[in-house]
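Chemist: return atomic coordinates for the entry below.
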Amino acid sequence: MEPIKIFQKYFVNPIKYNTGYNVVNTLTYAIILGVAALMVYKILKRLGIKYDNAFFRALIPYMVFGAFTRALTDATIYPRTYLTVTPGIYVVTFAITFASLLITHRLFKDWRRAFLYLGWTLVGLDFIMLLAHIYKIHFTWTVLKYFIPALIISEGVIYLMTKKIELVRENSYLFYAHFYDATTTFVGIQFMGYWEQHVLPRFLINLTGTAAVMYPLKLIILVIVLHLMKELQETESDKELMDFIKMVIFILGFAPGTRNLLRMLMGV
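Modeler: Numbers count the residues shown, from 1 in each chain. All right, here's what the predicted structure looks like:
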């Protein structure tokens, strides 16, 4: 098969026809994400931008912005293009985030605060777009009837695990974020008529007949990955890199979960 046809089949068509992910594009995107994360980490170190709790908090609005923008695309408020759906929206959100970081870092003494405020401004612009096209939205508040109890139970399980398992306790925010994501998937598929786009979750959901399989899947993957990262960490420099990777892992749970929740609430 010609390279162009391969690219069309495995990368373009899934986006064009909204057929979800396949093994080829999933592995390719994972490799690209890994390489991009390492490059960003090295650039931040060269610029003297230290990854810390304040920097992490300043990134939160950009995660919300990416998820909100993606949900507004689902609601047809933004046009559906290769740049407004996954994986394009990740590229756009990253570009905006990184440009905002560089600009605020260069222009402001208290750049973290400026970076944070700029992020919430972007979220505010999305909110204005929502209000301007509110006639397109059919809010489905019944989703909360399923989401809130499921979230309380699932996050309660994580809380109990932090009391017994050191690895979970040390990385509780990652488990909370990914169980939040798992809850949106569970509620969306089990009660709201949505379907899973990712290869492995889709296979396991079809195999078990329930989207609740997302909880053990998330738990097992996180435990394995975090255990390997802990074993690989030897120096303080390694710790900084591992903390940065954990931030990426958090984004991969929090952002899709927020998009899923917003999408369900907007009835799209």
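
Chemist: keeping just the C-alphas, turn stretch 100-107 into PDB.
Modeler: Extracted as PDB, the C-alpha positions of stretch 100-107 are listed here (Å, rounded to 0.1, in the frame of the first residue of the first chain):
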ATOM      1  CA  SER A 100       1.500  32.300  26.300                       C
ATOM      2  CA  LEU A 101       4.200  30.900  28.500                       C
ATOM      3  CA  LEU A 102       7.100  32.400  26.500                       C
ATOM      4  CA  ILE A 103       5.400  35.800  26.200                       C
ATOM      5  CA  THR A 104       4.500  36.100  29.900                       C
ATOM      6  CA  HIS A 105       7.900  34.800  31.000                       C
ATOM      7  CA  ARG A 106       9.600  37.400  28.900                       C
ATOM      8  CA  LEU A 107       7.300  40.400  29.600                       C
END
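
Chemist: from the chain's centre, how far out does it sit?
Modeler: The chain centre lies 23 Å from the centre of stretch 100-107; the measure is CA atoms, centre = their mean, to the nearest Å.

Chemist: I'd like the mean pLDDT over that stretch, please.
Modeler: Per-region confidence: stretch 100-107 scores 94 on mean pLDDT.

Chemist: buried residues in it?
Modeler: For stretch 100-107, the neighbour count (16 or more other CB atoms under 10 Å) marks Ser100, Leu101, Thr104, His105 as buried. No exception for glycine: its C-beta is placed from N, CA and C like everyone else's.

Chemist: list the buried residues in stretch 223-240.
Modeler: Leu226, Met229, Glu240.

Chemist: so where is the stretch 1-150 of the chain shaky, pLDDT-wise?
Modeler: Residues of the stretch 1-150 of the chain meeting the criterion pLDDT under 70: 1.

Chemist: now do the strands in it.
Modeler: Ranges of strands within the stretch 1-150 of the chain: none, based on DSSP state E, counting those that start in this stretch.

Chemist: quick one: which of the buried residues of stretch 223-240 is nearest to Val24?
Modeler: Closest approach to Val24 among the buried residues of stretch 223-240 (CB to CB): Met229, at 26.5 Å.

Chemist: what helix or strand does that closest one sit in?
Modeler: Using DSSP states H and E, Met229 maps to helix 214-232.
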